[in-house]
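**Q** I would like to see how this sequence folds:
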Amino acid sequence: MAFVINASKYHFQNKRESGACSKASSTIESPKLIVQRLGQRKTLKRRSVNKKMVAKLLKIKGEMKEISKEQNSIKEGQRQVKEKVEAIESECETLRRETMIIMQQSASTRLRLAFMFGILKARESNDFAKAAELTQALRELIAKQNQNDQSLETNAGTSDE
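**A** Model prediction:
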């Protein structure tokens, strides 16, 4: 029996079937050569598989870098949004304080106007005692408000520093 290569398939062939001995000897290969060729095929197959795996890994690495860049841009966007929200909240708090001050000033102005209107009514009705009493109350109110304004200014000045 001898090894014969036929269209890249290995099979056993009887020498009688192959014809003359000289023909069979030209197609017979040693088992070592066959094993070597099989090893080369496996190596080539491994190399192609390795190349495919390397290509896939490089593609995945590229995708991971792209995803990382996207995540960083998202984080940066979130940071910017957070800063804007904090700025808006700070401005909102400032507006609340200013609104409270305006409301207090408005109430103070209404109270002063009420006293002044009372003083005018008392003078019209020739009730000068009541007019003097309301005038004194208005002076005390103005002095108290000025004192409160000064204390607020000094408190605001120390809190700003």
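**Q** got the residue ranges for the helices in the chain?
**A** Read by DSSP state H, the chain holds these helices, from start to end of the chain: 15-18, 21-27, 31-124, 128-160.
**Q** need these in TSV (columns: mean pLDDT and mean neighbour count).
**A** For every residue, glycine as well, the C-beta is placed using N, CA and C. As requested, the helices of the chain are exported to TSV (pLDDT from 0 to 100; neighbours: other Cβ atoms under 10 Å):
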stretch	mean pLDDT	mean neighbour count
helix 15-18	46	12
helix 21-27	48	11
helix 31-124	90	11
helix 128-160	84	12
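**Q** surely residue 122 touches residue 131?
**A** Yes. Counting by Cβ atoms under 8 Å, a contact exists between residue 122 and residue 131, whose distance comes to 3.8 Å.
**Q** any idea how far the residue sitting nearest the centre point of the chain is from residue 89?
**A** Central residue check for the chain by Cα atoms, centre = their mean: the C-alpha nearest the mean position is that of residue 75, 2.8 Å away. Residue 75 is 21 Å from residue 89, where distance means Cβ to Cβ, to the nearest Å.
**Q** repeat that for residue 121.
**A** For residue 121, the distance to residue 89 (Cβ to Cβ) stands at 48 Å.
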